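Asks: Model the following, please.
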Amino acid sequence: MNLETIVTNLAGFVIVLGFLIFAHESGHFFVAKFFKVRVLVFSFGFGKRLFGFRHGDTDYRVSLIPLGGYVRMAGDMPEENNAGTPDEFLSKPKWQRFLILFAGPFMNIVIAITFVAGLAMLGIETLVSAPIVGEVQAGKPAAKAGLQTGDRLISIKGEPTSDFEDIAMMISMNAGTPLPVVYERDGQRRTTILTPERTSGDYGPVGRAGIGNYIAPVVGRVEPDTPAAAAGIQSGDRILAVNQKPVPEMTEFVRAIQPLEQAPIALQIERAGKTQTLTLAPAADPRKDPTRGIVPPTKILQLSLIPALQYSVKENWKMLRLAMAALGRLFRPEGSVKELSGPINIARISGEMFRRGWLYVVGLMAMISLQLGVMNLLPIPVLDGGHIMILLIEGIARRDLSLRVKERIQQAGFMALAALMLVVLYNDVITNVLRLRNG
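Replies: As a prediction, this is how the structure comes out:
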């Protein structure tokens, strides 16, 4: 790992997590202000105060560690069990306190929906891929399940599959879990059980099935100033063979040219019903241009405001279901705490997206923001959901819990989160040490 990678990983981590946590705390801040709760501190960052200003009762500050921020309201600590002046948090009605607590996670959910909708309005380019099996590795779970090249997968675990990305997502998130699969072969609908094997991925354990995507060997477009452009390759050309070796689909094309990255290749194509052979020179930088300027068929999703919002809600709901299913796995035999990732892996992913471009960073922010919002609503003491749970219990019981009970609940929650963080950090360190050891 070079210095540039380390710097961009740190920068991406600070930007992604810092913005999302700060936005979360802003939700608490604005709703607290709306209900006239006295806010003592609104900080960007944690730790030592670097600089800021005071306006009214609030110290607006920038603190040393730029990973989000926090809001400190008058009367919001567990030991401040009795309501004091009317502008303290505990002096407010329970429904107002509920809204103040809910505002943070709600802000994260709004960000997730807004960012995905914004990307849909700008235009999202994706590969044209049908949920069709392009490759089945012998001896792997897909082969054991009886799947064959050309099978069209209809659904996995009851979830419809509209493209191969849906298939890859379900398989990667369900290592060791038997998955009911509905597929179509020769016009007939069939069922099978697919159990992905657990393997080590770049960011921790994932499921693998030994199944490949089918992408037609057709040129979607040709990048300018590349060997493909110089050779006269055109959009719509169908790739037939590389150095006389047949290419049935795009993955085979990439696999065929990889060992020949320093040599010219003879590319046989079909254009307007006629076959011809063109010479494709090596790319100037094979790492950045492994296909020598040939881009597979892609589609661009670009929507107006209302359809974009509808699309965003649908996509976020799908991601939420997958996240909840992944969380539920931790309480089943096939699940493992090793699947949890922490700050090191988040930094690596953030850095990778940062290097790819801002649109990728926004997409990552949307995904993490949704998970951050939902996780904070779980009824775990210390989190917003835990405080909301206490409010609901007090509302049902029609009396406040004692200070002793609240302290015990908070202590239990803190110990549970601390233990979870230790496990997550351990997973992070082990995963990355093994990755560096294996090159």
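
Asks: Could you pull out the helices in the stretch 201-350 of the chain for me?
Replies: Here the stretch 201-350 of the chain has its helices, by DSSP state H, counting those that start in this stretch, at 227-231, 250-257, 305-329, 343-356.

Asks: which residues are contacting the shortest one?
Replies: Same thing as helix 227-231. Contacts with helix 227-231, where a contact means CB atoms under 8 Å, 6 or more residues apart in numbering, come from 219, 222-223, 267, 278-283, 291-294. Heads up, the C-betas are built off the backbone N, CA and C, glycines and all.

Asks: chain center to that helix: distance?
Replies: Centroid separation for helix 227-231 versus its chain: 36 Å, with CA atoms, centre = their mean, to the nearest Å.

Asks: do the same with the last one
Replies: Taking the mean of its C-alpha atoms, helix 343-356 sits 11 Å from the chain's own mean (CA atoms, centre = their mean).

Asks: Which helix or strand lies directly C-terminal to that helix?
Replies: helix 358-376 (DSSP states H and E).

Asks: what's that following helix packed up against?
Replies: helix 3-34, helix 94-122, helix 305-329, helix 343-356 (3 or more CB pairs under 8 Å, 6 or more residues apart in numbering; DSSP states H and E).

Asks: Can you say which of the helices of the stretch 201-350 of the chain is nearest to Leu147?
Replies: helix 250-257 (16.2 Å; CB to CB).

Asks: can you pull the buried residues of the closest one?
Replies: Met250, Thr251, Glu252, Phe253, Val254, Ala256, Ile257 (16 or more other CB atoms under 10 Å).

Asks: which among the residues you listed gets closest to Lys144?
Replies: Using CB to CB, the buried residues of helix 250-257 come closest to Lys144 at Thr251, 21.3 Å.

Asks: Is there a quick PyMOL command that grabs whichever of the contacts of helix 227-231 are buried?
Replies: This is the PyMOL syntax for the buried subset of the contacts of helix 227-231, where burial follows 16+ other CB under 10 Å:
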select buried, resi 219+222+267+278+280+282+283+291+292+293+294
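
Asks: tell me the contacts of the residue nearest to Ala256 when sequence neighbours are not counted?
Replies: Closest residue in space to Ala256, ignoring its immediate chain neighbours: Val242 at 4.1 Å, by CB to CB, 6 or more residues apart in numbering. Going by CB under 8 Å, 6+ apart, Val242 touches Phe253, Ala256, Ile257, Leu260, Ile265, Ala266, Leu267, Gln268.

Asks: Excluding chain neighbours, give the residue nearest to the first one in space.
Replies: Taking CB to CB, 6+ apart as the measure, Phe253 lies nearest to Val247, with 4.7 Å between them; neighbours along the chain are not counted.

Asks: count of neighbours near the one you found?
Replies: 21 (other CB atoms under 10 Å).

Asks: before we move on, the earlier item: ranking the helices and strands packed on helix 358-376 by mean pLDDT, which is last?
Replies: Among these, helix 343-356 has the lowest mean pLDDT, at a mean of 82.

Asks: Where in this structure is the helix or strand with the lowest mean pLDDT?
Replies: Sorting the helices and strands of the chain by mean pLDDT, DSSP states H and E puts helix 403-437 at the bottom, at a mean of 67.

Asks: Domain ranges for the protein, per the record?
Replies: 3-123+365-437, 221-296 (automatic domain parsing).

Asks: For the nearest residue to Glu223 once chain neighbours are set aside, give me its contacts.
Replies: Closest residue in space to Glu223, ignoring its immediate chain neighbours: Gly293 at 4.3 Å, by CB to CB, 6+ apart. Residues in contact with Gly293 (CB under 8 Å, 6+ apart) are Val222, Glu223, Thr226, Pro227, Ala228, Ala229, Ile233, Ala283.

Asks: picking up where we left off before, any idea which of the contacts of helix 227-231 is the one closest to Phe29?
Replies: For the contacts of helix 227-231, the nearest to Phe29 is Glu223 (46.5 Å; CB to CB).

Asks: Closest to the centroid, which residue in this structure?
Replies: By CA atoms, centre = their mean, the chain has its centre lying nearest to Met367, at 4.5 Å.

Asks: so what's that residue closest to, chain neighbours aside?
Replies: Met319 (6.4 Å).

Asks: returning to what we had before: backbone dihedrals for the residue nearest to Glu223, please?
Replies: phi 100, psi 0 (degrees, to the nearest 10).
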